[in-house]
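Asks: I would like the atomic coordinates for the input below:
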Amino acid sequence: ATDLSQPLGEVWTDGLQAYRQMEYTHQIVVHDETYVSPDGVHINQVECLFSLVKPWLRKFRGLSKHGLEQAAHTFGLIRSLNLAGASLLSVIDCLAMGAFHSST
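Replies: Residues are numbered from 1 along each chain as shown. Take a look at the predicted model:
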């Protein structure tokens with residue numbers, strides 16, 4: 001399989017304190033002040049993704065940090081496979097291969 005990951009170049013956030021420790025070029029937009037910063041910074045994509053993830057996460061009624069990470073990875077995998085039109089058999093193969101790969 002080809003690794004399609006890319007290093008982060010610049011991170012756009014809502015200015016939450018936790019993001020300030022990130023070692024990336026960082027741009028901020030605070031929606032209480034403006035929707036898009038004068039530089040054109042916005043966080044529309046992450047808000048859109050969160051609107052899709054939020055109802056799915058409600059099913060868990062709270063998660064530990066580790067559980068949240070696993071749930072986010074699972075959601076991302078299932079969403080990617082659904083968007084690609086993968087069959088149920090493909091999903092099972094993908095999950096089985098991932099489990100086998102991580103156990104070696």
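Asks: in the longest helix anywhere in the chain, what counts as buried?
Replies: The helix that spans the most residues within the chain, counting by DSSP state H, is helix 65-84. Buried residues in helix 65-84, defined by neighbour count with 16 or more other Cβ atoms under 10 Å: 71, 81. C-beta: built from backbone N, CA, C; applies to glycine.
Asks: Count the neighbours of the residue nearest to Tyr24 when sequence neighbours are not counted for me.
Replies: With Cβ to Cβ, 6 or more residues apart in numbering as the criterion, Tyr24 has its nearest non-adjacent residue at 4.6 Å, and that residue is Val11. Per other Cβ atoms under 10 Å, the neighbour tally for Val11 reads 13.
Asks: Just the buried positions in the helix or strand that contains Val11, please.
Replies: Per DSSP states H and E: Val11 is located in strand 10-13. For strand 10-13, the buried set under the neighbour-count rule, 16+ other Cβ under 10 Å, comprises 12-13.
Asks: Against which helices or strands is that strand packed?
Replies: With contacts defined as 3 or more Cβ pairs under 8 Å, 6 or more residues apart in numbering; DSSP states H and E, the packing partners of strand 10-13 are strand 25-28.
Asks: Mean confidence (pLDDT) on the helix or strand just after the strand it packs on, please.
Replies: The element immediately downstream of strand 25-28 (helix or strand, assigned by DSSP H and E) is helix 44-58. Averaged across helix 44-58, the pLDDT comes to 76.
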